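[1] any chance you could fold what I've pasted below:
(2 chains)
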Amino acid sequence: MKAHLTELLTTAAQTLQIDTSNLNVLLERPKNTQHGDFSSNIAMMLAKPLRQNPRTLAEQLIKALPASDYIAKTEIAGAGFINFYLNNQAKYSIIRDIQRLGNKFGHNNNGQLKKVQVEFVSANPTGPLHVGHGRGAAVGDCLCRLLDANGWDVTREFYYNDAGAQIDNLTLSVQARLNGISPESEDFPENGYRGAYIADIANAYLAKQTVTADDMQVTAVGDIHDAEAIRKFAVAYLRNEQDLDLKAFQIKFDVFSLESALYSEGKVENAVQTLIKSGHTYEQDDALWLRTTDFGDDKDRVMRKSEGGYTYFVPDVAYHLEKWKRGFTRVINEQGADHHSTITRVRAGLQALDLGIPQAWPEYLLHQMVTVMRSGEEVKISKRAGSYVTLRDLIEEVGCDATRYFLAARRPDSQLIFDIDLARAQTNDNPVYYIQYAHARICSVLAQWGGDVAALSSVELSPLQSTHETALMQKLGEFPEVVENAATELAPHSIANYLKELASSLHSFYNEHKILIEDDALKLARIALIQATQQTIKNGLTLLGVSAPEKM
RNA sequence: GCCCCCGUAGCUCAGUGGAUAGAGCAUCCCCCUCCUAAGGGGAGGGUCACACGUUCGAUUCGUGUCGGGGGCACCA
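    Numbering: from 1, shown residues only, chains lettered A, B, ... in the order given. As a prediction, this is how the structure comes out:
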């Protein structure tokens, strides 16, 4: 409907020989419904360049508008707004769209699939996933679903480091446990991991267990002196733990990438040589530096340390070069905000390769910290992990649906307070239940009606005339725009907000009107309306990865 | 000191440069003879942190100040 009106306006402007190509926003939904279904500020935007009074301009534009089956009236308001009022026919067409498209309603596929890779979670295998990873998982997965709904061919990728200082710490910690050193002891590694899960790994290692993760399988050697064997087993064990965390959160990845493979396959060395050839490096104090200041960094960065090893950002650049070579002209990295300092460096490194990689590639979506609250107090400790709240703790306590909803329902760039009591509440305080309840209510009515849902596509909709009915239809019509905007803005939370509004419209309608009534024509029209609503709620919840229960 | 994010109702938060800034909770009042009251309707509650700019128009954009959080190694 928005596209239809945009076309009308553009045509009108062309008739008047006005160039609108420089205007990005032609139409919006007014906050106040008294201002119509759609509103255009085009006359005010054009007033200055054309040196004309905006209201006069608006008048001319309205006169030049082509005829439409869907417009009830247009008016000029305020400083020069053109307000469009849709007729009921336009609103009925939304129900027809939903009936025709079913679970594809809200999807905006333009036919051609373009590749995009989304990297998210990317936790190193040093412990169970914590709440912060959970936020990344919920936001990242929802973003993938949104991109998929908007015609992208999405690859979900998980990158992790199975070597390096943190993994050494892990190995030392397990080894300490194998030697019977308790985490409280002074002999325990200073930067070691002290959670109870380290003891579990040690026991499994001694028992010579076999662990299978999504991307590897390792059998424990059992020798407490073989550090390399301990490292391999611990990594596999924790990868498997994380797989179980992700499975409980109903998230799947297409590709797992290991940092160590970048070294063993010569990708890191390759990237370094390319950088040296490109002339953006220099030697100083026995170290190799990259002149990242040429690309917007505030100081140059060391690539190869004086002791010979590479700094962490070199494999990062090599990894992203691989992404580029794999054909991903679009890459989105969903990460915690503590990684923000790497953005400039990675992009600078990619620029320095002189391979024509766009300056703003890859894109980043950063999420801020999560604080978990229970009974008004911050929760900081998990028995399993020791020093942080795990994702599994939350899922077990409040369920997958509520956890996913709460972690995705806020703008990623604002700090999130996760209220366990609220997430557990089975009342209207809790938005998850409020939305799911709307869905279940409709299912209940449809079940009592017992008719053929498919036959609703030929039901006469003209009996739908009341304000609650038209308000609900209007809300349904917004869904495709909401889905499209959520994807372009990388803003999964707007789906959650929309669903609350849609559920509210449904509940208002439901309270005002009985559906299973004597008047057959009105009854069927209302059933068609709630069926369309049910479908839309379900489609929206699916985008969030939240279930749509038929009974509650 | 430098960089990034945030500051909107008592609380948790929405809000494409647009019209009288919204929702839920909390507080107060009302609505089940009725398809799920896990619901609905209403009232009160605001210097959109502050200042100055840009603009026909700023909660939204820019600069600065003040708060809160995060990041600033030849660590990852």
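
[2] which of the residues in the helix or strand containing A:His4 are buried?
    Here A:His4, judged by DSSP states H and E, is contained in helix A:2-15. Neighbour-count burial for helix A:2-15 flags A:Lys2, A:His4, A:Leu5, A:Leu8, A:Leu9, A:Thr10, A:Ala12, A:Ala13 (criterion: 16 or more other Cβ atoms under 10 Å). (Glycine included, C-beta is placed from N, CA and C.)

[3] beta partners of the residue nearest to A:Ile71 when sequence neighbours are not counted?
    Sequence neighbours aside, A:Phe84 is the residue nearest to A:Ile71 in space, at 6.0 Å (criterion: Cβ to Cβ, 6 or more residues apart in numbering). Beta-bridge pairing for A:Phe84 (DSSP bridges): A:Phe38, A:Thr74.

[4] any idea how far A:Phe84 lies from RNA strand B?
    10 Å (Cβ to the nearest atom of the strand, to the nearest Å).

[5] repeat for A:Ala348
    Taking Cβ to the nearest atom of the strand, one finds A:Ala348 at 13 Å from RNA strand B.

[6] list the residues that contact the closest residue to A:Asp37 other than its chain neighbours.
    Of all residues beyond its chain neighbours, the one nearest A:Asp37 is A:Leu86 (4.4 Å), with distances taken as Cβ to Cβ, 6+ apart. A:Leu86 is in contact with A:Met1, A:Asp37, A:Phe38, A:Tyr70, A:Ile71, A:Ala72, counting by Cβ atoms under 8 Å, 6 or more residues apart in numbering.

[7] top of these by number of neighbours, please.
    A:Asp37 (25 neighbours; other Cβ atoms under 10 Å).

[8] ok, it touching A:Glu75?
    No: the criterion here is Cβ atoms under 8 Å, and A:Asp37 misses it with A:Glu75 at 11.9 Å.

[9] shared neighbours of the two, anything?
    A:Tyr85.

[10] show me the contacts for the nearest residue to A:Arg345 once chain neighbours are set aside.
    Using Cβ to Cβ, 6+ apart and skipping residues adjacent in sequence, the residue nearest A:Arg345 is A:Phe313, 4.9 Å away. By Cβ under 8 Å, 6+ apart, the residues touching A:Phe313 are A:Arg301, A:Met303, A:Thr342, A:Arg345, A:Val346, A:Gly349.

[11] give me the number of residues near the last one?
    This points to A:Gly349. 27.

[12] if we look at the host helix or strand of it, which residues are touching it?
    For A:Gly349, the element it lies in under DSSP H and E is helix A:340-352. Helix A:340-352 is contacted from outside by A:275, A:278, A:280-281, A:290-292, A:294-297, A:301, A:313-314, A:316-317, A:320-321, A:324, A:357, A:359-362, A:364, A:366, using Cβ under 8 Å, 6+ apart.

[13] do that again at 6 Å, thanks
    Residues outside helix A:340-352 that contact it (Cβ atoms under 6 Å, 6 or more residues apart in numbering): A:275, A:278, A:280, A:292, A:295-297, A:301, A:313, A:316-317, A:320, A:357, A:364, A:366.

[14] just the buried residues of helix A:2-15 now: which is nearest A:Asp243?
    Checking the buried residues of helix A:2-15 against A:Asp243 with Cβ to Cβ, the nearest one is A:Lys2 at 42.2 Å.

[15] pull the contacting residues for the closest one.
    A:Leu27, A:Glu481.

[16] packing partners of the strand ranked longest in chain A?
    In chain A, taking DSSP state E as the definition, the longest strand is strand A:152-160. Under the contact criterion of 3 or more Cβ pairs under 6 Å, 6 or more residues apart in numbering; DSSP states H and E, strand A:152-160 touches strand A:114-119, helix A:131-149, strand A:255-258.
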